[in-house]
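Q: Next input, structure requested:
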Amino acid sequence: MSNANTMSCLWKESKDAKPYVNRVPIPTVEEGQLLIRMDYAPINPSDIKFLLGQSSSNKQFPCVAGFEGSGTVVLTGGGIASWGMSGKRVAFYTNHEYGTYGEYCIADTNLCIELDNDIESSQAACSFVNPLSAIGMLDICKKNNAKAVINNPGASQLGKMMNRLFNERNIKVINIVRREEQVYELRYECGAELIINQNDPDFLKQLKIMCETTQASIYFDAVGGEQSGQILNIMPKGSTLMMYGTLDSWQIGGIQANDLLSDKKSIQGFFLNVWLKEQNKLELIMTLKKLKNFIKTSLKTKIAKEFPLDQFQQAIDYYKTHMTEGKTLICLKKTIQSNQDNSNQKQAQSQNEEQLSQQKEQNKVQQQQQQQQQQQQQQQQQQQQQLIIIIITIIIIIRRITLIIRITLIRIRIALIIIKTQ
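A: Residues are numbered from 1 along each chain as shown. Model prediction:
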């Protein structure tokens, strides 16, 4: 039975257990965490892997599924980063046991971004997994001085984001697709120029020519199988196969071992959780600031369809057959509203005039408390902004002092040399 202290969610008892809709107690927050009332949560390949028990996520079971979404902060666990967050609409990523496929979710404050009024919650729900992956892959390209890359599958939502983001930075993307209509889709939606259908009879020959022409040095592969090795084999010396998914196969094959030895080719993996942990706090803050701007432009997500939580299986089935058409969302707002409506009806039947009067008094008290909280939140937000400015100023001062010391040491050395020569 539902009550004010429980919530509906997609529950998973163990790694191999089948997920089901369940009611569990609403979680409590710790310092540095936020309790978020959910609006939307997308379905990603990582979610499918997790639900099937094939994910490498370190979530503790039993747990609520889901890794990213959007909603409203209803409670904070304290800490400097949480100042002023209560009542804010946010998009976020979480690996907490209380994931995004529930009416309420727990997320770390440093993995949330406050949403502007001009972005819809449905669009914001897809702000992290794919967009951050695209930013992370761009970071890899910059560190390796890549002029061009290959991506498979090219027509995925992440593939389209990569095209827009990479093209803005003059990094060419060779897109591998499976159907001819995806060629026109990529050209129309993101202006892609280098597209090749893997079902063409001379696919590898054409791809090799593209690699040589563009000097493609990184192959981002979310498919796997024998084709992974076949493509790495035809790439230039020093190229890297960067696995970021296993849509077709858990294994990769067809790799010429001699290429790894004599041609200095390599195989690596990109996992968003790992990449995020490698970012220091300042880098993460800067990345999330970029993300907030990108999700409205280069990293905007196309939404295909929404499903309520109790239709999660239909949502998954739809997603599997419409992956390149846009994101499939779980709409938690409908679930919350439905539960609230049922609760209100039962309450209305049992209430008498005295209870209604008490409720009015409570509402007045709550309004006064909310006004006080809003004033406190504004003060906290101002303090947080001032603290950030102070920290940045200190960093700048330290750097300047370090530079002055270095210059002074150089001058002393020069003076000593002059004295010796005299």
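Q: what are the ranges of the strands in the stretch 101-250 of the chain?
A: 104-108, 112-114, 148-152, 172-177, 194-197, 216-221, 240-243 (DSSP state E, counting those that start in this stretch).
Q: residues in contact with the last one?
A: Pointing back at strand 240-243 there. If you take C-beta atoms under 8 Å, 6 or more residues apart in numbering as the criterion, strand 240-243 is touched by 137, 140, 144, 217-222, 224, 228-229, 231-232, 252, 255, 265-270. Just so you know, the C-beta spots here come from the backbone N, C-alpha and C atoms, and that holds for glycine as well.
Q: Put the alpha carbons of it into CSV.
A: C-alpha atoms of strand 240-243 as CSV (Å, rounded to 0.1, in the frame of the first residue of the first chain):
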residue,chain,number,x,y,z
THR,A,240,43.7,3.2,-31.1
LEU,A,241,40.6,1.0,-30.8
MET,A,242,38.5,2.7,-28.1
MET,A,243,35.7,0.4,-26.9
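Q: Can you find the helix or strand of the chain with the lowest average pLDDT?
A: helix 332-350 (a mean of 58; mean pLDDT, DSSP states H and E).
Q: which residues in the stretch 201-350 of the chain form helices?
A: Applying DSSP state H, counting those that start in this stretch to the stretch 201-350 of the chain gives helices spanning 203-214, 226-234, 257-262, 272-278, 281-294, 312-321, 332-350.
Q: Quick one: buried ones out of the contacts of strand 240-243?
A: 137, 140, 217-222, 224, 228-229, 231-232, 252, 255, 265, 267, 270 (16 or more other C-beta atoms under 10 Å).
Q: related to what we said a few turns ago, point out the most buried one among the helices of the stretch 201-350 of the chain.
A: Mean neighbours per residue, mean count of other C-beta atoms under 10 Å, is largest over the helices of the stretch 201-350 of the chain for helix 226-234, with a mean of 20.
Q: Settle this for me: residue 11 is touching residue 24, isn't it.
A: Yes - Residue 11 is within contact range of residue 24, at 6.5 Å (criterion: C-beta atoms under 8 Å).
Q: Looking at the record's assignment, how would you partition this protein?
A: Following the TED database, one finds the domains of the chain at 6-126+301-337, 130-277.
Q: With distance to residue 406 as new columns, can the ones you listed be given to me in JSON lines?
A: Shown next, in JSON lines, are the domains of the chain (distance: least, C-beta to C-beta, whole Å):
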{"stretch": "domain 6-126+301-337", "distance to residue 406": "33"}
{"stretch": "domain 130-277", "distance to residue 406": "26"}
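Q: Please tell me the pLDDT value assigned to residue 381.
A: Reading off the confidence values, residue 381 has pLDDT 76.
Q: cool, and residue 402?
A: pLDDT, residue 402: 89.
Q: before we move on, what about residue 21?
A: pLDDT, read off for residue 21, is 96.
Q: if I look at the nearest residue to it once chain neighbours are set aside, how far off is residue 22?
A: Using C-beta to C-beta, 6 or more residues apart in numbering and skipping the chain neighbours, the partner closest in space to residue 21 is residue 310 (5.7 Å). According to C-beta to C-beta, to the nearest Å, residue 310 stands 11 Å off from residue 22.
Q: what touches both of the two?
A: Shared contacts of residue 310 and residue 22 (C-beta under 8 Å, 6+ apart): residue 8.
Q: more crowded one of the two?
A: residue 22 (16 against 13; other C-beta atoms under 10 Å).
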